[in-house]
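**Student:** would you be able to build a 3D model of this:
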Amino acid sequence: MTQVDHTRMANAIRGLAMDAVEKANSGHPGLPMGAADMATVLFTQFLKFDAADPAWPDRDRFVLSAGHGSMLLYALLYLTGNKEMTLDQIKHFRQLGSLTPGHPENFHTKGIETTTGPLGQGIATAVGMALAEKMLAAEFSKKIVNHHTYVIASDGDLMEGISQEAIALAGVWRLNKMIVLYDDNGISIDGPTSLSDSVDQVKRFKSAGWAAELIDGQDQKAIAAAITRAQKSGKPTMIACKTTIGYGAPTRAGTNKAHGEALGAAELKGAKEKLGISLEPFSVPDDVLKAWREAGSRGAAAHKDWNEQFAQLGTRKRAEFERRLRHERPQALAKALRAHKKSLLENPLNIATRKSSEAAIEVIAAAMPMEFVAGSADLTGSNNNKAKSAIGFAAKTPKGRFIHYGIREHGMAACLNGIFLHGGFAPNGATFLVFTDYARGAMRLSALMGTGVVYVMTHDSIGLGEDGPTHQPVEHLAALRAIPNMRVFRPCDAMETAECWELALNRIDGPTVLVLTRQNLPQLRTTAPNESPCSHGAYELVAAQGDAKVSLFASGSEVEIAVAAQKQLAERGIATRVVSVPSLELLLAQPAERQNAIIGNAPVKIAIEAAVRWGWDAVIGRDGEFVGMHGFGASGPAKDLYKHFGITAEAVVNAALKRV
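**Tutor:** Below you'll find the model as predicted:
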């Protein structure tokens, strides 16, 4: 190995970060400058990775939770020899189309494990990764799955509430292969963190079941010794690394001026002179670059050893492992769901869709018992997403496939992202639909990253009844539908629920929300064609007798109301059709010809949904009729509430009559 002083290797990170931010006149130089020492120690002495194959399954995961310091990560990728991260990409930091966007994007740049930037998301997602490692190791053995999850987190990450949810979960699960390096520089955008924070983070982490200590984050030996201790711990570890933001900057080091703006020519020159870095922009000495490239190939031997161990697995076990990492579903799943849908035709279920979901989950869990990972934010008995065969996951039962997240909706959603990104599992998590408000940050990242997670959201409307408006979602469907790449399904019965589950599990390029009722619903579907009608977002459930004068569009529990209204209108001689719309946004994504065929050309169009109108005008037009909610709900029995808010078959009939 080329022998190069640690300081010179760390300064290579600092120099690239300063130059890239300066050239872009945008970015955050302070964190890369302050955290360069801990990153250098981690990547050159501890991190198990192979720069030639960033997707090697048993690599250590590294998450830069402090995504604003993205040049730290880009510099590391370039220095260690990531093939796509060229010096030219570094020079085009924050420019359109470059592989070096303002915040790390895993869907855009190879070698990045997860998208970070919204503070707290990285450390919480990393908990999901560490959890997946523990579960997969218990199944396939530590010869095949045996890696750490490392995180560099900032003051801001630890201020965000999601961090508490995440560290509490990691502590109770004893995720001892998770190691967090906390860049404890005491500075935020507004100034010293003491303006708004007095938390002793070491004590905080210890109280959550972690090992934790405070070290000098600019001392390479102290950093190495702390990581060595962490690797031997039976608990997750947080190492608070006391650093100086903007380390080396002559006047801005240790101040908020080093945080989020270019240093400026004079400060940049002064920093380079102080640190002994060449004034030539983007310059890395040959011996330093060679040493970094050797660090990038250091894991090749471990990679080779892993390949040999993996080859010793039985053929079926190898194929299973590879299939799971590709997120391919087993053939048994489609077969089992076909049989389930056939049984629904023979024995209809007139139950709440949360119970219909439970019935589907029993079938799914039997078909993919080790990869189907469910969980709930302390509402297991209400969400009904725990299979009877499922064992709860815990530190002592790592083969358990049901996760009790506690009242931590946001942490749960981020964990689901981490589980999916790690690979090997099809994760889903559940709570009440109204509490997607708590999970929104991580759910948005699900959509941005394209993680194939499933959110099981029950108690979907005023139909939940007596809990009242605090728990009755009215705007939530619209809000979720507004998120790009988020697919929302609101099935009307047991058959649609089974189809929506199948579509959700086979979608691996984005998240799906299953929106389910508390109240019982009749099974309306009497067919189960090979091509799922739900796959188009909507379909004609009840045809009109003759040319339709009225088209009724509804989702979920309101499809029953639409069917009842259709019968009443038919009795009056008004030809009416019913279109079930389990996924409004999927319908609107269909090719124009198919979309028009589903929507039809009836002169009167009425949408029925126990939620706000937003989004429905794309189907019914601005002059269409809407029967639904126009404000918040109320406390009372569900049947009384539907009458009180005018969401009834009679209201639909009246809306049609005034337009026909």
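**Student:** which residues touch R659?
**Tutor:** V550, P603, V604, E625 (CB atoms under 8 Å, 6 or more residues apart in numbering). Heads up, the C-betas are built off the backbone N, CA and C, glycines and all.
**Student:** narrow the residues you listed to those in strands?
**Tutor:** V550, V604, E625 (DSSP state E).
**Student:** report the contact partners of the last one.
**Tutor:** Counting by CB under 8 Å, 6+ apart, E625 touches V604, K605, I606, A607, A655, A656, R659.
**Student:** quick check: bridge partners of it?
**Tutor:** For E625, the beta-bridge partners are I606 (DSSP bridges).
**Student:** and the pLDDT for it?
**Tutor:** Here the pLDDT value assigned to E625 is 98.
**Student:** burial measure for the residue nearest to I599 when sequence neighbours are not counted, as a count.
**Tutor:** Of all residues beyond its chain neighbours, the one nearest I599 is V619 (5.9 Å), with distances taken as CB to CB, 6 or more residues apart in numbering. As a burial measure, V619 scores 20 neighbours (other CB atoms under 10 Å).
**Student:** the host helix or strand of M18: how far from the chain's middle?
**Tutor:** Taking DSSP states H and E as the criterion, M18 maps to helix 6-24. Distance of helix 6-24 from the chain centroid (CA atoms, centre = their mean, to the nearest Å) equals 31 Å.
**Student:** how about the helices in the stretch 501-650 of the chain?
**Tutor:** Secondary structure of the stretch 501-650 of the chain (DSSP state H, counting those that start in this stretch): helices located at 558-571, 584-588, 592-599, 617-620, 638-644, 649-657.
**Student:** which one of these lies closest to A138?
**Tutor:** helix 584-588 (36.7 Å; CB to CB).
**Student:** please name every helix or strand in contact with the closest one.
**Tutor:** strand 487-489, helix 592-599, helix 617-620 (3 or more CB pairs under 8 Å, 6 or more residues apart in numbering; DSSP states H and E).
**Student:** pull the CA atoms of that helix into PDB?
**Tutor:** Provided in PDB are the C-alpha atoms of helix 584-588 (Å, rounded to 0.1, in the frame of the first residue of the first chain):
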ATOM      1  CA  LEU A 584     -57.500   7.900  -9.600                       C
ATOM      2  CA  GLU A 585     -53.900   8.800 -10.500                       C
ATOM      3  CA  LEU A 586     -53.400   5.400 -12.200                       C
ATOM      4  CA  LEU A 587     -56.500   6.100 -14.300                       C
ATOM      5  CA  LEU A 588     -55.200   9.500 -15.300                       C
END
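**Student:** you'd agree L214 is in a helix?
**Tutor:** No - L214 is assigned strand when assessed by DSSP: H, G, I helix; E, B strand; the rest coil, not a helix.
**Student:** picking up where we left off before, and which of the ones in strands among the contacts of R659 is nearest T431?
**Tutor:** Once CB to CB is applied, the member of the ones in strands among the contacts of R659 that ends up nearest T431 is E625, at 32.8 Å.
**Student:** okay, that closest one and A575: tell me how far apart.
**Tutor:** With distances taken as CB to CB, to the nearest Å, E625 is found 17 Å from A575.
**Student:** so for M370, which of the helices of the stretch 501-650 of the chain sits nearest?
**Tutor:** Going by CB to CB, the one of those nearest M370 is helix 584-588, 29.7 Å.
**Student:** could you give the mean pLDDT of that closest one?
**Tutor:** Rounded mean pLDDT across helix 584-588 is 98.
**Student:** what lies in contact with it?
**Tutor:** Taking CB under 8 Å, 6+ apart as the rule, helix 584-588 contacts 481, 486-488, 535-538, 555, 581, 595, 598-599, 615-616, 618-619.
**Student:** quick one: contacts for Q568?
**Tutor:** Counting by CB under 8 Å, 6+ apart, the residues that Q568 touches are A649, E650, V653.
**Student:** ok, back up a step: and the ones in strands among the contacts of R659, which is closest to A301?
**Tutor:** Once CB to CB is applied, the member of those that ends up nearest A301 is E625, at 69.3 Å.
**Student:** now the helices for the stretch 101-250 of the chain?
**Tutor:** Counting by DSSP H, counting those that start in this stretch, the helices of the stretch 101-250 of the chain are 121-140, 155-159, 161-172, 201-207, 220-232.
**Student:** distance to R8, mean pLDDT and mean neighbour count added to those, as TSV?
**Tutor:** TSV is the format used below for these (distance: least, CB to CB, whole Å; pLDDT from 0 to 100; neighbours: other CB atoms under 10 Å):
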stretch	distance to R8	mean pLDDT	mean neighbour count
helix 121-140	28	98	27
helix 155-159	28	98	22
helix 161-172	34	98	24
helix 201-207	31	98	17
helix 220-232	12	98	17
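**Student:** I419 is nearest to which of these?
**Tutor:** Closest among these, using CB to CB: helix 121-140, at 4.5 Å.
**Student:** what's the angle from that closest one to helix 161-172?
**Tutor:** 30 degrees (axes from the mean of the first three to the mean of the last three CA atoms, to 10 degrees).
**Student:** could I have the CA atoms of helix 121-140 written out in PDB?
**Tutor:** Extracted in PDB, the C-alpha atoms of helix 121-140 (Å, rounded to 0.1, in the frame of the first residue of the first chain):
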ATOM      1  CA  GLN A 121     -34.100  10.900   7.000                       C
ATOM      2  CA  GLY A 122     -30.600   9.300   6.400                       C
ATOM      3  CA  ILE A 123     -30.100   8.100  10.000                       C
ATOM      4  CA  ALA A 124     -33.600   6.700  10.100                       C
ATOM      5  CA  THR A 125     -33.300   5.000   6.700                       C
ATOM      6  CA  ALA A 126     -30.000   3.500   7.900                       C
ATOM      7  CA  VAL A 127     -31.900   1.900  10.800                       C
ATOM      8  CA  GLY A 128     -34.000   0.000   8.200                       C
ATOM      9  CA  MET A 129     -30.800  -1.100   6.400                       C
ATOM     10  CA  ALA A 130     -29.300  -2.400   9.600                       C
ATOM     11  CA  LEU A 131     -32.500  -4.100  10.500                       C
ATOM     12  CA  ALA A 132     -32.600  -5.800   7.000                       C
ATOM     13  CA  GLU A 133     -29.000  -6.900   7.500                       C
ATOM     14  CA  LYS A 134     -29.800  -8.500  10.800                       C
ATOM     15  CA  MET A 135     -32.900 -10.300   9.400                       C
ATOM     16  CA  LEU A 136     -31.100 -11.500   6.300                       C
ATOM     17  CA  ALA A 137     -28.100 -12.700   8.200                       C
ATOM     18  CA  ALA A 138     -30.400 -14.800  10.400                       C
ATOM     19  CA  GLU A 139     -31.800 -16.400   7.400                       C
ATOM     20  CA  PHE A 140     -28.800 -16.900   5.100                       C
END
